[in-house]
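Asker: Give the three-dimensional model of this entry:
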Amino acid sequence: MASDGPKRQTSDWENETDEALVLSLRQGNKAALAILYDRYSRLVYSIAFRVLNNGPETEDLTQDIFLNLWQKQTYDPSRSSLSRFLSTVTRNRAIDRVRSRSNRRRILKGVAAPQTIPLETFSLPEANASLGERSERVRQALLTLPEKQRQLLWLAYYHGFTQSEIAGHTNIPLGTVKSRMRQGLLKLRGTLQDLAD
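Answerer: Okay, here's the model as predicted:
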């Protein structure tokens, strides 16, 4: 049969333009993705590594960039070259990851920092000790939650974020934020039931 039909070999696509490969990719041709990856993965990796300075995270982001190129189809050849598009997207996504990483560190530091209890809160030393123990129990119980739930509860209760602010800050839909927080609170209530007595 004709060699230029839909079952062309990967080698048949290697000399195609980026635009032709992107069009073929949008039609579900995985061979086009492999060729684009071969052409641009080194560029994407080097930009991501300069920002992230972390090999595994850079590899993960590189894979994400090409997966998004295939699935989300946001590249418009009439606006820029594919190399410029990939460079811009990679730099932005890497910077977002660095910001997210530093936010997580700041949040974890805030949670790990010892809570100071004003002396005037309770006059009895036993009461101060009891409050410190309760605070530590709550902190330990939070650490047992899945990270998706724990992160949202920390933002709400240790940093005072509203559910809407959390959704905006984490790019998680508001309904998902509410659902995860509700699930986390139910688990905490079960774990800390004796404290409610």
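Asker: which residues of the protein fall in helices?
Answerer: Secondary structure of the chain (DSSP state H): helices located at 10-13, 18-26, 30-52, 55-71, 82-112, 125-143, 147-157, 163-170, 174-191, 193-196.
Asker: Confidence-wise, which of those helices is weakest overall?
Answerer: Among those, helix 10-13 carries the lowest mean pLDDT, at a mean of 59.
Asker: Mind putting the helices of the chain into a markdown table with mean neighbour count?
Answerer: The C-beta positions use only the backbone N, C-alpha and C, and glycine is treated the same way. A markdown table is the format used below for the helices of the chain (neighbours: other Cβ atoms under 10 Å):
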| stretch | mean neighbour count |
| --- | --- |
| helix 10-13 | 13 |
| helix 18-26 | 17 |
| helix 30-52 | 18 |
| helix 55-71 | 16 |
| helix 82-112 | 14 |
| helix 125-143 | 13 |
| helix 147-157 | 18 |
| helix 163-170 | 16 |
| helix 174-191 | 15 |
| helix 193-196 | 9 |
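Asker: how close does Glu147 sit to Trp154?
Answerer: 10 Å (Cβ to Cβ, to the nearest Å).
Asker: Show me how this protein divides into domains.
Answerer: 10-102, 117-196 (automatic domain parsing).
Asker: from the chain's centre, how far out does the longest one sit?
Answerer: Right, domain 10-102. A distance of 18 Å separates the centroid of the chain from that of domain 10-102, by Cα atoms, centre = their mean, to the nearest Å.
Asker: Ok, the last one next?
Answerer: In this view, domain 117-196 has its centroid 21 Å away from the chain centroid, taken as Cα atoms, centre = their mean.
Asker: Going forward, count from 47.
Answerer: In the new numbering, first residue 47, that becomes domain 163-242.
Asker: so Tyr121 makes contact with Ser127?
Answerer: No. Here Tyr121 does not reach Ser127: they are 9.9 Å apart, not a contact under Cβ atoms under 8 Å.
Asker: neighbour count winner among these two?
Answerer: Taking other Cβ atoms under 10 Å, Tyr121 and Ser127 do not tie; Tyr121 has more neighbours (20 against 12).
Asker: Excluding covalently adjacent residues, which one is nearest to the more buried one?
Answerer: Leaving out its chain neighbours, the residue that sits closest to Tyr121 by Cβ to Cβ, 6 or more residues apart in numbering is Phe131, at 5.1 Å.
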